[in-house]
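**Student:** here is the input, now give the coordinates:
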Amino acid sequence: MHYLLKNQKLLFNLLSRNIEKKPYLVVIILHEYYRNLYFSDEYYNFKIKNPFLRLNKVQKECISILKSSINFASYKINYEKENSQELKKKTGKVYGKLWKKFTPSENTKAKKFILERFKNYKYFDNNFFKHKTVIDVGCGGGRYSNALKNLGAKKVYGVDYGSDGLKLAKKNYKKKNLIFMKQNVLNLTFAENKFDIVFCNGVLHHTSNIDKGIKELIRVCKPGGFIFLFLYGTSGLFWDARKRMNKLMKLIPEYYSQKVLDLIGLPSDRFIFMDNWYVPIETHSSHRNIYNLLKKYKVKNISKMTSGRITDLETGLKKIKNSKVIWGEGDIRLLFQK
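**Tutor:** Down below sits the predicted model:
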């Protein structure tokens, strides 16, 4: 086992033992550690030349603090379990708060992000979205739905299970033929073969059944139509930390974590951590499993995205030596045809 993986396992074991008596310390250390796993993201202005040495240093510092810290406060943890319906509602609430934190500039970047990720696809050109009927499955606050309309789509349906995000989308994006609807992404009410393009960006890994979700995306797509799918990958420090972190932070109330981050002077809009910590359902997939699933449904022209933002794990960070140790398989970003 790589020494960084050993350190990470020890770190999370210590965090688990400290979570009841020192929840504030767990929040601070997790924030700092996860920030380092995300080292090149523009939001955090954090760039390093040797990620392995930096992570090793951070891990050792965090472990040392946990081993020697004094108990300043205590917090009683609620271990009550929630049913699947409550988890769905909580997912909507978590992301509803996230969408509200997006600035106007973040919304305008959505169009740029789509173009950056699609530009090297062999079937992509300036007319790719023009005059097409598109569905944005899991639209959240609607920024990608709006971007797809701005890229020339004839009609765009933005669908989501979360009421908060849809309310924001309807408020911010009032355009002809841009329609927002509440839908269960695993059981869409649309007829078969309705859409020219199905866009699903980072959604199905927050549902209870990725297989069923993919089958549904294919069902509503027209024969010969295109489907864009983004899912979380697996293996490596990053994804291992995500899974451990998500399980751990369910034991600390969200408002408490936000208060701790506020008290130590961190920007309240550093939403990515709250999102990663508190979303109730998060599933990780391997490229092999998803490819096998797509082959089962007989889709064609499966293409892995070869371009994107610098922080896309699959495209922006893979150039770093031994990057698989930290980021594993990276993201799963695929474009394919029905």
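
**Student:** could you give the average pLDDT over the host helix or strand of residue 198?
**Tutor:** In the assignment (DSSP states H and E), residue 198 maps to strand 195-201. For strand 195-201, mean pLDDT is 96.

**Student:** strand 195-201 and the next helix or strand after that strand, what's the angle between them?
**Tutor:** Under the assignment DSSP H and E, the closest C-terminal helix or strand after strand 195-201 is helix 210-220. Computed by axes from the mean of the first three to the mean of the last three C-alpha atoms, to 10 degrees, the angle separating helix 210-220 from strand 195-201 equals 160 degrees.

**Student:** give me the residues contacting helix 210-220.
**Tutor:** Outside helix 210-220, the residues that touch it by C-beta atoms under 8 Å, 6 or more residues apart in numbering are 135, 137, 185-188, 190-195, 198, 200, 203-204, 207, 227, 229, 231, 283, 285, 290, 293-294, 297, 299, 338. (Glycine included, C-beta is placed from N, CA and C.)

**Student:** just the CA atoms of that helix, as PDB, please.
**Tutor:** Only the C-alpha atoms of helix 210-220 are listed here, as PDB (Å, rounded to 0.1, in the frame of the first residue of the first chain):
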ATOM      1  CA  ILE A 210     -27.200   4.300 -11.300                       C
ATOM      2  CA  ASP A 211     -28.200   1.400 -13.600                       C
ATOM      3  CA  LYS A 212     -31.800   2.400 -13.700                       C
ATOM      4  CA  GLY A 213     -30.900   6.100 -14.200                       C
ATOM      5  CA  ILE A 214     -28.700   5.300 -17.200                       C
ATOM      6  CA  LYS A 215     -31.500   3.100 -18.700                       C
ATOM      7  CA  GLU A 216     -33.900   6.100 -18.200                       C
ATOM      8  CA  LEU A 217     -31.500   8.500 -20.000                       C
ATOM      9  CA  ILE A 218     -31.300   6.100 -22.900                       C
ATOM     10  CA  ARG A 219     -35.100   5.600 -23.000                       C
ATOM     11  CA  VAL A 220     -36.000   9.300 -23.500                       C
END
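
**Student:** tell me the strands beside the strand holding residue 198, with direction?
**Tutor:** strand 133-137 (parallel), strand 221-231 (parallel) (DSSP bridges).

**Student:** what's the most buried one of the ones you listed?
**Tutor:** Neighbour counts (mean count of other C-beta atoms under 10 Å) averaged over each of the strands paired with strand 195-201 peak at strand 133-137, with a mean of 25.

**Student:** quick one: that strand to chain centroid distance?
**Tutor:** Strand 133-137 sits 19 Å away from the centroid of its parent chain (C-alpha atoms, centre = their mean, to the nearest Å).

**Student:** could you point out which element follows it?
**Tutor:** Using DSSP H and E, the next helix or strand after strand 133-137 towards the C-terminus is helix 143-150.

**Student:** contacts for that next one, please.
**Tutor:** Residues contacting helix 143-150 (C-beta under 8 Å, 6+ apart): 99, 102, 106-107, 110-111, 113-114, 129, 134, 136, 139, 156-158, 169, 172-173, 175, 177-178, 180, 197, 199, 201.

**Student:** would you list the buried entries among the residues you listed?
**Tutor:** 99, 102, 106-107, 110-111, 113-114, 129, 134, 136, 139, 156-158, 169, 173, 178, 180, 197, 199, 201 (16 or more other C-beta atoms under 10 Å).

**Student:** quick one, which of the contacts of helix 210-220 are buried?
**Tutor:** Neighbour counting over the contacts of helix 210-220 (16+ other C-beta under 10 Å) leaves 135, 137, 185-186, 188, 194-195, 198, 200, 203-204, 207, 227, 229, 231, 285, 290, 294, 299, 338 as the buried ones.

**Student:** could you pull out the strands for this structure?
**Tutor:** Along the chain, counting by DSSP state E, strands occupy 133-137, 155-160, 178-182, 195-201, 221-231, 300-304, 332-337.

**Student:** need those strands in CSV (columns: distance to residue 64).
**Tutor:** Shown next, in CSV, are the strands of the chain (distance: least, C-beta to C-beta, whole Å):
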stretch, distance to residue 64
strand 133-137, 45
strand 155-160, 43
strand 178-182, 49
strand 195-201, 39
strand 221-231, 36
strand 300-304, 41
strand 332-337, 36
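
**Student:** how about the ones you listed, which one is nearest residue 56?
**Tutor:** Of all the strands of the chain, strand 332-337 sits nearest to residue 56, with 28.0 Å by C-beta to C-beta.

**Student:** which residues touch the closest one?
**Tutor:** Contacts with strand 332-337, where a contact means C-beta under 8 Å, 6+ apart, come from 117-118, 121, 224-233, 285, 287, 290, 294, 299-305, 308, 312, 314-315.
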